[in-house]
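1. quick one, structure for this:
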Amino acid sequence: VKGLLCDCETMELVKHSGGCHCGAVRFEVWSSPDLHVFHCNCSVCTKKQNHHFIVPKSRFTLLQGVDNLTTYTFNTHVAKHTFCKTCGVQSFYTPRSNPDGFGVAPHCLDPGTVRSVIVEKFCGEKWEESMQAHKSIKDMSKPEGDML
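-> Sure, this is the predicted structure:
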C-alpha cells in the first residue's frame, strides 16, 4: 500500500500485528516499516515508559479484547490510556496530542514487520510548549489526503 505524504513523497505501509502480554488484546495497524517513535517525559509516560508511534484511527483495527480493556485518564482527560485488565499491558492508547488517532507501542508488535525505529524525545513536562513547537505531530493521526 502506498500513501501520499504532505511533502509529496510516497510512504510504504505494512500491516503490523500486535497485542498485550497475555494475548487477550490483539490488533492490526497499517504503518511504515520504519517507525517514528516518541519518547515522552510527561508524568504518566515516565512512570510506564510509554514509547509510541502515532497512526490515524482508520489504520488501526482492534481484533479482539474490547471487553478486556480498561481506561485510565487524568488532568485534561483527553488522553485515554487503555490497558489489558488481565496483564496490565498498554499496547495502544489515544494520545492527548492526537485524539483522532492512536499511539501504538512498538514493543507490543509481533516480530517481522519493523525495519527500523527512530526515537524522538518529546518534552511532555512542557506539553503545551512542545506541541506548539512541533512541526508534524498533529498531522501524524491524519490520513495522508487530509494533510495536503
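2. only C-alpha atoms from now on, for both contacts and neighbour counts.
-> Fine.
3. so the residue nearest the centre of the chain bridges to which residues?
-> The chain has Gly103 as the residue nearest its centroid, 1.6 Å off, counting by Cα atoms, centre = their mean. Here Gly103 sits in beta bridges with Ile54, Tyr93, going by DSSP bridges.
4. wait, what's in contact with it?
-> With contacts defined as Cα atoms under 8 Å, 6 or more residues apart in numbering, the neighbours of Gly103 are His52, Phe53, Ile54, Val55, Phe92, Tyr93, Thr94, Pro95.
5. please tell me how far the fifth one sits from Gln132.
-> It refers to Phe92. The span separating Phe92 from Gln132 equals 24 Å under the rule Cα to Cα, to the nearest Å.
6. and what of the second one?
-> Phe53 sits 19 Å away from Gln132, going by Cα to Cα.
7. I'd guessed Cys22 sits against Thr86; true?
-> Yes. Look at Cys22 against Thr86 with Cα atoms under 8 Å: they come within range, at 7.2 Å.
8. of those two, who's got more company?
-> Between Cys22 and Thr86, counted using other Cα atoms under 10 Å, Thr86 has the larger neighbour count: 15 against 12.
9. show me how far stretch 24-41 is from its chain's centre.
-> For stretch 24-41, the distance from its own C-alpha centre to the chain's C-alpha centre is 5 Å (Cα atoms, centre = their mean, to the nearest Å).
10. tell me where the model's unsure across this protein.
-> In the prediction, the chain carries residues with pLDDT under 70 at positions 1-10, 122-127, 135-136, 144-148.
11. ok so, going back, Phe92 and Gln132: who's more crowded?
-> Neighbours per residue, other Cα under 10 Å: of Phe92 and Gln132, the larger number sits with Phe92, 29 against 10.
12. which one is the more buried one nearest to, not counting chain neighbours?
-> Val104 (4.3 Å; Cα to Cα, 6 or more residues apart in numbering).
13. if I look at the one you found, how far off is Asp67?
-> Here Val104 is placed at a distance of 19 Å from Asp67 (Cα to Cα).
14. show me where the chain has helices.
-> Ranges of helices within the chain are 43-48, 127-133, based on DSSP state H.
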